[in-house]
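Structure for this input, please:
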Amino acid sequence: MTLKTTTQNRQHIGFRWLALIAILFCELMVHAWVRTESTQAILRISHAQAGITKNMSYKKELSLERDRLKSDTRITKIARTHLNLSTDAFSQTIYLSGTDQ
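A predicted model of the protein is given here:
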């Protein structure tokens, strides 16, 4: 073998190693990107689930408040204390028209 052939073989082997290192580096970068995106997706899902739980709790509180506000005992108490209605007026049905006459 000549010196020129040996030098060309070493350069050829060097380029192969350089290409292999470049491919491994690209694979490492893709792997890191996939892991980062996976972590971000998990965080977004976690925040969404927390928001859903919070909204469900708020809806439950609103439902309880609605039930409390429309309870018959509360309405009866308001009618007696603030509107000065007697028990005779509770058995009557009063229809109000939508227009003022």
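
Where does the prediction get shaky in the chain?
By pLDDT under 70, the weakly predicted segments of the chain are 1-4, 87-95, 98-101.

mind checking how far the residue positioned nearest the centre of the chain is from His82?
For the chain, Ala48 is the residue whose C-alpha lies nearest the centre (Cα atoms, centre = their mean; 1.8 Å). Between Ala48 and His82 the computed distance is 45 Å (Cβ to Cβ, to the nearest Å). (Each C-beta comes from the backbone N, C-alpha and C, glycine too.)

and the gap between the residue nearest to the centre of the chain and Lys70?
33 Å.

same question, Glu61
Noted for Glu61: a distance of 15 Å to Lys70, by Cβ to Cβ.

now Leu62
Noted for Leu62: a distance of 12 Å to Lys70, by Cβ to Cβ.

What about Leu85, how many residues nearby?
With neighbours defined by other Cβ atoms under 10 Å, the count for Leu85 comes to 14.

Could you find the closest non-adjacent residue to it?
Spatial nearest neighbour of Leu85, chain neighbours left out: Ala79 (4.4 Å); criterion: Cβ to Cβ, 6 or more residues apart in numbering.
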